[in-house]
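Trainee: take this sequence and fold it.
(chains A, B, C and D)
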There are 2 protein chains.
Amino acid sequence: MNLEEAKYKFIQEWGVLGSTWGINRAMAQIHAFLMLSPESKTTDEVMAELKISRGNANMNMRALIDWGLVFKEYKPGERKEYFYAEKDLWNVMKQIAKERRKREIVPIREVLKEVSSAEIDNSPEGKEFKKVTKDIDAIISKFDGLIDMASKSDQNWFMKVLAKLIK
Amino acid sequence: MNLEEAKYKFIQEWGVLGSTWGINRAMAQIHAFLMLSPESKTTDEVMAELKISRGNANMNMRALIDWGLVFKEYKPGERKEYFYAEKDLWNVMKQIAKERRKREIVPIREVLKEVSSAEIDNSPEGKEFKKVTKDIDAIISKFDGLIDMASKSDQNWFMKVLAKLIK
DNA sequence: TTTTAGTTTCAAAAAGTTTTGAAAGTTTAA
DNA sequence: TTAAACTTTCAAAACTTTTTGAAACTAAAA
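Mentor: Here you go, the predicted model:
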């Protein structure tokens, strides 16, 4: 296998992985392509490499910028925009965790909070409802705290904790 | 808000959450409905509660069984099949982590292993490729270890560790 | 000012996913 | 057996998401 084949393989797989995570294939592939590129790339290069349309490339690059995973760069004397990805995987993960927290954890906790103030009787149904939603809230709040913590800490600290935990 | 409204709200939100996680809406809603039910339920009850077709209910219940999140039960003297969900959220999470590990972590690690044995030159492109893929593998393997560890440990131990970590 | 090089938008098309419903299959009871 | 009660399957329909491509827009250069 040579570099081109290896790159292709990795980009494809990152696309598959993304799509099971609610990130569309093109977005994940652009992200993979930019992570693997030592230099920043133009829209045209992204289009050519991934064989996608200009509109698609543009939309997904903006989404990546929105997620804080990709940045724009202007080169002196050039009119084209260049794009590059966050390379430090720790930052990538923190960024993703932060976004997903906002999009997923916050809304479900809101609902849990709302339903916890509902008038619920002591029927078996009611008891079960209270128990299950309370349990879920407890676990989610733990994870929420963990994400918050991790996003404030540096990679070394976190990796050390993990390493110690796993041994 | 009464019990029915609260249940409805929670089931809807669980469906939304599921669909951003690659679990389809009906599957997530059935799961929520069964988690909230103190008694096991029949296909007809699921269909009526969620207003979905028999085929849909059947397919997604089988998928939930496949994920190890829902079980069948036969009641003496009855021909209908009854379904109930795993209630212990810790077990639910372990089960999900185990499945996702199989479906996501294993394949990406396989690809990373393959590309790591590729013949890659020392161009900037080649160096970057090696660096990025190596980093990703390191982080993924840490998480893989963590999941493995968590799935062997009991809730108390894990929650205590988490609690200590977060404080 | 006009032209050129580029970016953005968005309606329509394509692709992908989920859902339905009815027919086929299976198991138990009569 | 045969009928009844139930489960499973799967092609087609409905729905959702993604992608395209061309027109509109913007900014710099001539």
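Trainee: shaky segments in chain A?
Mentor: When residues are selected by pLDDT under 70, those of chain A lie in A:167.
Trainee: which helices and strands sit right next to the longest helix along chain A?
Mentor: Longest helix of chain A, by residue count under DSSP state H: helix A:124-152. Identification of packing neighbours for helix A:124-152 by 3 or more Cβ pairs under 8 Å, 6 or more residues apart in numbering or on different chains; DSSP states H and E yields helix A:89-100, helix A:106-116, helix B:3-19, helix B:25-36, helix B:89-100, helix B:155-166. Yep, even glycine has a C-beta here, placed from its N, CA and C like the rest.
Trainee: and the nearest residue to residue A:35 once chain neighbours are set aside, how far is that from residue A:111?
Mentor: Beyond its immediate neighbours in the sequence, the residue positioned closest to residue A:35 (Cβ to Cβ, 6 or more residues apart in numbering or on different chains) is residue A:85, lying 4.7 Å away. With the distance defined as Cβ to Cβ, to the nearest Å, residue A:85 ends up 34 Å from residue A:111.
Trainee: would you tell me which residues of chain A are close to DNA strand D?
Mentor: Residues of chain A found near DNA strand D (Cβ under 7 Å from any atom of the strand) are A:19, A:24-27, A:51-56, A:59-60, A:77, A:79.
Trainee: close to DNA strand C, is stretch A:35-45?
Mentor: Yes: applying Cβ under 7 Å from any atom of the strand, one finds stretch A:35-45 in contact with DNA strand C at A:42, A:43, A:44.
Trainee: how much does the helix or strand where residue A:59 lies deviate in direction from helix A:89-100?
Mentor: Secondary structure assigned from DSSP states H and E places residue A:59 in helix A:54-66. Computed with axes from the mean of the first three to the mean of the last three Cα atoms, to 10 degrees, the direction of helix A:54-66 lies at 100 degrees from that of helix A:89-100.
Trainee: what's helix A:54-66 packed up against?
Mentor: Contacts defined by 3+ Cβ pairs under 8 Å, 6+ apart place helix A:54-66 against helix A:25-36, helix A:43-50, strand A:70-74.
Trainee: quick check: angle from it to helix A:43-50?
Mentor: Going by the same axes, to 10 degrees, helix A:54-66 is angled at 100 degrees with respect to helix A:43-50.
Trainee: buried ones in helix A:54-66, by neighbour count?
Mentor: Residues of helix A:54-66 classed as buried: A:56, A:57, A:60, A:61, A:63, A:64 (neighbour count, 16 or more other Cβ atoms under 10 Å in any protein chain shown).
Trainee: who touches the residue found closest to residue A:21 once you drop the neighbours it is linked to in the chain in this structure?
Mentor: For residue A:21, the nearest residue in space outside its immediate sequence neighbours is residue B:22; the separation is 6.7 Å by Cβ to Cβ, 6+ apart. Residue B:22 makes contact with A:19, A:20, A:21, A:22, according to Cβ atoms under 8 Å, 6 or more residues apart in numbering or on different chains.
Trainee: can you select the buried ones among the residues you listed for me in PyMOL?
Mentor: Here the buried members of the contacts of residue B:22 are turned into a PyMOL selection, burial being counted by 16+ other Cβ under 10 Å:
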select buried, chain A and resi 19+21
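Trainee: mind listing the residues bridging to the spatially closest residue to residue A:80 that is not a sequence neighbour?
Mentor: Across the structure, with Cβ to Cβ, 6+ apart as the measure, the residue nearest residue A:80 apart from its sequence neighbours is residue A:42 (4.9 Å). Beta-bridge pairing of residue A:42, defined through DSSP bridges, involves residue A:82.
Trainee: and residue A:42, how close does it get to DNA strand D?
Mentor: Using Cβ to the nearest atom of the strand, to the nearest Å, we find residue A:42 at a distance of 16 Å from DNA strand D.
Trainee: could I get the contacting residues of that residue?
Mentor: In this structure, residue A:42 makes contact with A:80, A:81, A:82, A:83, judged by Cβ under 8 Å, 6+ apart.
Trainee: report the buried members of those residues.
Mentor: Under a neighbour-count criterion of 16+ other Cβ under 10 Å, the subset of the contacts of residue A:42 counted as buried comprises A:82, A:83.
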